[in-house]
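Chemist: return a 3D structure for these sequence lines:
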Amino acid sequence: MSTTRSLFDSLTQQASRLFGQDSPLPKAEIESQFKALLQGALSKLDVVSRDEFDAQMAVLARTRARLEALEARLTELEKPQTADVQPPVTPATDVASAD
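Modeler: Residues are numbered from 1 along each chain as shown. Just a heads-up that it's a prediction; the model follows:
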């Protein structure tokens with residue numbers, strides 16, 4: 001948290017210096033320097049671009065759908081198969097004919 005705080009404090013100081021009344025720079029130059037300043041500050045933070053975020057959300061949605069399909073299939077496979085399964089047939093031994 002303190003690193004983020006010091007980063008924003010530094011950003012604020014630099015922006016104040018850039019936008020100060022005595023700045024001899026034209027507006028376009030100030031804007032480009034401020035943009036570079038912001039990009040530099042954001043690159044130090046642990047953030048991702050919107051495109052990367054959207055791509056990961058799409059991957060997550062596909063993965064979630066696949067997981068749900070697999071869970072449904074597993075549930076179906078775990079159901080007892082009583083209707084299709086015949087009781088095991090054991091050979092009948094003729095006790096009377098053994099004598």
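Chemist: next one: Lys44 from Ser10, what distance?
Modeler: In this view, Lys44 and Ser10 are 10 Å apart by C-beta to C-beta, to the nearest Å. Just so you know, the C-beta spots here come from the backbone N, C-alpha and C atoms, and that holds for glycine as well.
Chemist: mind giving me the packing neighbours of the helix or strand hosting Phe34?
Modeler: Following DSSP states H and E, one finds Phe34 within helix 27-44. Contacts defined by 3 or more C-beta pairs under 8 Å, 6 or more residues apart in numbering; DSSP states H and E place helix 27-44 against helix 2-18.
Chemist: other residues contacting the helix it packs on?
Modeler: With contact meaning C-beta atoms under 8 Å, 6 or more residues apart in numbering, helix 2-18 is reached by 23, 25, 30, 33-34, 37-38, 41, 44-45.
Chemist: buried ones in the lowest-mean-pLDDT helix or strand in the chain?
Modeler: For the chain, using mean pLDDT, DSSP states H and E, the weakest element among its helices and strands is helix 2-18, scoring a mean of 72. For helix 2-18, the neighbour count (16 or more other C-beta atoms under 10 Å) marks 11, 14-15 as buried.
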